[in-house]
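Engineer: Could you work out the structure for the sequence below:
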Amino acid sequence: GVLGFRFIEQQFFPDSSRPELMVEMWLPEGASFGATENQVKKFEAFLAKQNSIRSYTSYVGTGSPRFYLPLDQIFPQTNVAQVVVVPKDLRSREAMRQKITELFKTDFPEVRGRVRLLPNGPPVPYPVQFRVSGLEVGKVREVADKVKEIMRANPNTLGVNDNWNESVKVLRLDLDQDKLRALGVTTQTVMRTANTILSGTTIGQFREGDKLIDIVMRQPVD
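Structural biologist: Modelled structure (predicted):
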C-alpha cells in the first residue's frame with residue numbers, strides 16, 4: 001500500500017469526470033454586446049469544424065445557468081461570453097482543451113480566453129491568486145500591474161489578469177443649480193437625458209414566454 005501510494009494523484013478536489021468543457025471569453029471592460037457576439041460566432045465557426053465535439057451551447061453577455069452545483073457562475077455583463085462544449089469522450093475532452101487553449105493564443109488576440117474542467121469541490125476562480133490592498137486606489141492598481149508583469153514573465157503562467165479589469169471612461173456633470181432652477185430643469189431630468197444619450201433608459205418590459213426583456217430607449221449610434 002505504501003509503495004503504491006506514490007501513483008495516486010495528489011489533488012484534494014480532483015476535476016470532474018463529466019465531459020463538459022467550460023470556455024470563457026472576456027473582452028476588454030466596456031466592450032459592447034455586439035463585439036462579444038462577433039467573437040463568439042468566430043469561435044463557433046471553429047467548433048463546427050471539429051469532429052470530436054458532440055454539441056456546444058453559447059451564452060453571450062452572461063454565463064451558463066448553474067446546471068452543475070459547484071459551477072462558478074458568471075453574472076451578466078456585455079463583455080463576457082461562456083460556451084459549454086461537450087466532447088464525445090474524455091480522451092477527446094483533453095485533446096480539445098489543449099486545442100482551444102492554443103487557438104486563443106493565436107487567433108483571438110482581443111479576447112482573454114480560458115478553458116476549464118468542471119470541479120468536484122468548491123469552485124475556485126484561479127489556482128494562484130494574490131490580493132493587493134491599500135488606501136489609494138491608483139497606487140493599488142499600480143502595484144497590481146507590477147504583480148501581473150512578474151507573473152506574465154513566468155513561462156508556467158497562463159491567463160494572468162485582475163478582477164478590476166480595465167479602466168473605462170466616465171462622464172461627470174458639474175451642474176449649476178441656480179441656472180437649472182431659472183430654466184425650470186431638475187437634476188433628475190439632466191440625469192435621465194444623459195443616460196438616454198450614453199447608455200439608454202429602460203422605458204418598459206416585453207414579455208416573451210416566461211422571460212421579461214427590458215425595452216431600452218437610446219440614441220442612434222451616429
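Engineer: Phe46 contacts Leu103, correct?
Structural biologist: Yes: assessed by Cβ atoms under 8 Å, Phe46 is found in contact with Leu103 at 6.4 Å. Every residue, glycine included, has its C-beta placed from N, CA and C.
Engineer: Those two: which has the busier surroundings?
Structural biologist: Leu103 (16 against 13; other Cβ atoms under 10 Å).
Engineer: Please name the residues that touch the more buried one.
Structural biologist: With contacts defined as Cβ atoms under 8 Å, 6 or more residues apart in numbering, Leu103 is in contact with 46, 113.
Engineer: Other residues contacting stretch 73-89?
Structural biologist: With Cβ under 8 Å, 6+ apart as the test, stretch 73-89 has contacts from 19-33, 35-37, 39-40, 43-44, 47, 52-64, 66, 93, 96, 100.
Engineer: cool, stretch 190-201 as well?
Structural biologist: Stretch 190-201 is contacted from outside by 171, 173, 175, 180, 216-219, using Cβ under 8 Å, 6+ apart.
Engineer: Bridged to Val85, which residues?
Structural biologist: Note on Val85: beta-bridge partners by DSSP bridges are Leu21, Tyr56.
Engineer: which phi and psi does the residue located most distally from the centre of the chain have?
Structural biologist: Distance from the centre of the chain peaks at Ala182, with 46.2 Å (Cα atoms, centre = their mean). Torsion angles at Ala182 (phi, psi; degrees, to the nearest 10) stand at phi -60, psi -30.
Engineer: middle-most residue in the chain, spatially?
Structural biologist: Most central in the chain (Cα atoms, centre = their mean) works out to Val80, at 3.6 Å.
Engineer: right, and Ile53 touches Leu47 too?
Structural biologist: Yes: applying Cβ under 8 Å as the test, Ile53 and Leu47 come out as touching, 5.9 Å apart.
Engineer: any idea how far the residue farthest from the centre of the chain lies from Asp176?
Structural biologist: Here the criterion is Cβ to Cβ, to the nearest Å. By it, Ala182 lies 9 Å from Asp176.
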